[in-house]
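Colleague: Prediction below, plus the sequence it came from.
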Amino acid sequence: MKHFLVSSTRTIQLAALLFFGLVITQQVQAQDKGLDIKIDLSPEPVWYEQTWLLVAAGAAVFILILVAILKNNGKKIG
């Protein structure tokens, strides 16, 4: 009978330790981190957001495709 009481007491102690450990873990994780959010609204966009650059790149690609099509217009393929 004494062995059962020792084992039961030890089980209760381990369960209480686990419970309080989980409670403490929850309390620690629930703490406010004090976030510092910084938003930079710079008036000048970065280089890849500039409209003139996108238009120039699109025109260059269009001209390259047009030259490639017209170059092979009179030649037989195969």
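Modeller: Arrived safely. Residues are numbered from 1 along each chain as shown.
Colleague: Which helix or strand lies directly C-terminal to the host helix or strand of residue 26?
Modeller: Assessed by DSSP states H and E, residue 26 sits inside helix 2-29. Later in the chain than helix 2-29, the nearest helix or strand by DSSP H and E is helix 51-71.
Colleague: Tell me how confident the model is about that following helix, as a mean pLDDT.
Modeller: For helix 51-71, the mean per-residue pLDDT is 92.
Colleague: Same question for stretch 16-33.
Modeller: Mean pLDDT, stretch 16-33: 82.
Colleague: How far does the helix holding residue 26 sit from its chain's centre?
Modeller: Put simply, helix 2-29 sits 38 Å off its chain's centre (C-alpha atoms, centre = their mean, to the nearest Å).
Colleague: Same question for stretch 60-71.
Modeller: The answer for stretch 60-71 is 39 Å, by C-alpha atoms, centre = their mean.
Colleague: With stretch 47-59 instead?
Modeller: Relative to its parent chain, stretch 47-59 has a centroid offset of 27 Å by C-alpha atoms, centre = their mean.
Colleague: got it, and stretch 68-75?
Modeller: Offset of stretch 68-75 from its chain centre (C-alpha atoms, centre = their mean): 46 Å.
Colleague: List the buried residues for that stretch?
Modeller: Within stretch 68-75, no residue counts as buried by 16 or more other C-beta atoms under 10 Å. Using the backbone N, CA and C atoms, a C-beta is placed for each residue, glycine as well.
Colleague: From residue 18, how far out is the closest residue to residue 53 other than its chain neighbours?
Modeller: Computed as C-beta to C-beta, 6 or more residues apart in numbering, the closest residue to residue 53 that is not its neighbour in sequence is residue 47, at 6.6 Å. As for residue 47, its distance to residue 18 is 56 Å (criterion: C-beta to C-beta, to the nearest Å).
Colleague: Over to residue 70?
Modeller: Distance of residue 70 to residue 18, given as C-beta to C-beta: 78 Å.
Colleague: cool, and residue 37?
Modeller: Distance check for residue 37 against residue 18: by C-beta to C-beta, it reads 37 Å.
Colleague: Looking at the two, which one has more neighbours?
Modeller: Higher neighbour count among residue 37 and residue 18: residue 18, with 10 against 4, using other C-beta atoms under 10 Å.
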